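In: what's the 3D shape of this:
(2 chains)
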Amino acid sequence: MVPLSWYIMLSAVVFSIGVIGFLTRRNLIIVFISVELMLNAANISLVAFSHYLQSIKGQIMVFFIITVAAAEAAIGLAILIAFYRNNPTIKVDEINLLKG
Amino acid sequence: MLPELFFAYFAVTITGLSILVITRKNPVHSVLWMLVLFIHIAALYVFLNAEFLAAVQIIVYAGAILVLFLFVIMLLNLRKEEIEQKFQKQWPLGMLAGTLFILFFVIILNKFAVFPAPGEYSIQAIQGEGNIMVIGKVLYTEYLLPFEIASLVLLVAIIGAVVLAKKKISE
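Out: Okay, here's the model as predicted:
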């Protein structure tokens, strides 16, 4: 039997890799992909908890997280397209219109 | 022994694939590695007796979200110099923050113990009725209101995406 803490550790590592990608990459699309990575890491830990605590609520929660992730990807990429039309760059450090 | 080996394979592969995802220069390659990563995560869900979520993971993530990403990359038509320099100027700080995150988790999780108060959904109970049946029953009774709100969220996402990405008609 694989102990629960292994799953949580895997989830933590994937989440941290997502954080690193979010903070270091310049390409806005990869930043979005890193957010998806973090959501997936949270999903892994929720499913593992659901299995080990013999409760179904973790899986229900993952279902809702996937719904919100889909909505977030659609809206985020639409904003990206709308932004790119006005200002053709997707480098994160050049998107500083609101910097003042 | 065998479950540990399976888990070790998936853990190593998932970690390696996530590093590949965030380090590729070309976003298309990133998205394709992400596809392999999602399939591995779905296999991990099967391993944890969550067959329904494994199917949803493949259909929604690999089938819908990644295709959306690919379409947007295609629409943007990035020039060569857009993807030249991979990392921001402050990347050492970001790296430091991520490493601190990992350290924090490792320290916390070493002191971490769960005392499972066994719920009513043991593996036998779920297998007796079927994973999808159990999830459906809970979803349509106990979580009916959040389920409806989720449909509303999706509606907002559909309309919002169309409104945001639509070309402005000049007056």
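
In: Does the longest helix along chain A reach chain B?
Out: For chain A, the helix with the greatest residue count under DSSP state H is helix A:57-86. Yes: using CB under 8 Å from any CB of the partner chain, helix A:57-86 reaches chain B at A:57, A:59-60, A:62-64, A:66-75, A:77-82, A:84-85. From N, CA and C alone the C-beta is placed, and that goes for glycine too.

In: What of stretch A:3-14?
Out: Yes: Stretch A:3-14 reaches chain B (CB under 8 Å from any CB) through A:4-10, A:12-14.

In: Just send those residues back as JSON lines, with pLDDT, distance to residue A:97 and secondary structure too.
Out: Converted to JSON lines, these look like this (pLDDT from 0 to 100; distance: CB to CB, whole Å; DSSP: H, G, I helix; E, B strand; the rest coil):
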{"residue": "A:4", "pLDDT": "84", "distance to residue A:97": "46", "secondary structure": "helix"}
{"residue": "A:5", "pLDDT": "83", "distance to residue A:97": "45", "secondary structure": "helix"}
{"residue": "A:6", "pLDDT": "86", "distance to residue A:97": "45", "secondary structure": "helix"}
{"residue": "A:7", "pLDDT": "89", "distance to residue A:97": "42", "secondary structure": "helix"}
{"residue": "A:8", "pLDDT": "88", "distance to residue A:97": "40", "secondary structure": "helix"}
{"residue": "A:9", "pLDDT": "88", "distance to residue A:97": "41", "secondary structure": "helix"}
{"residue": "A:10", "pLDDT": "91", "distance to residue A:97": "39", "secondary structure": "helix"}
{"residue": "A:12", "pLDDT": "91", "distance to residue A:97": "35", "secondary structure": "helix"}
{"residue": "A:13", "pLDDT": "91", "distance to residue A:97": "35", "secondary structure": "helix"}
{"residue": "A:14", "pLDDT": "93", "distance to residue A:97": "33", "secondary structure": "helix"}
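
In: Got the domain ranges for chain B?
Out: The record's domain parsing of chain B by automatic domain parsing lists B:1-80, B:125-171.

In: what comes up buried for the longest helix of chain A?
Out: Within helix A:57-86, the residues scored as buried using 16 or more other CB atoms under 10 Å in any protein chain shown are A:57-64, A:66-67, A:69-78, A:80-84.
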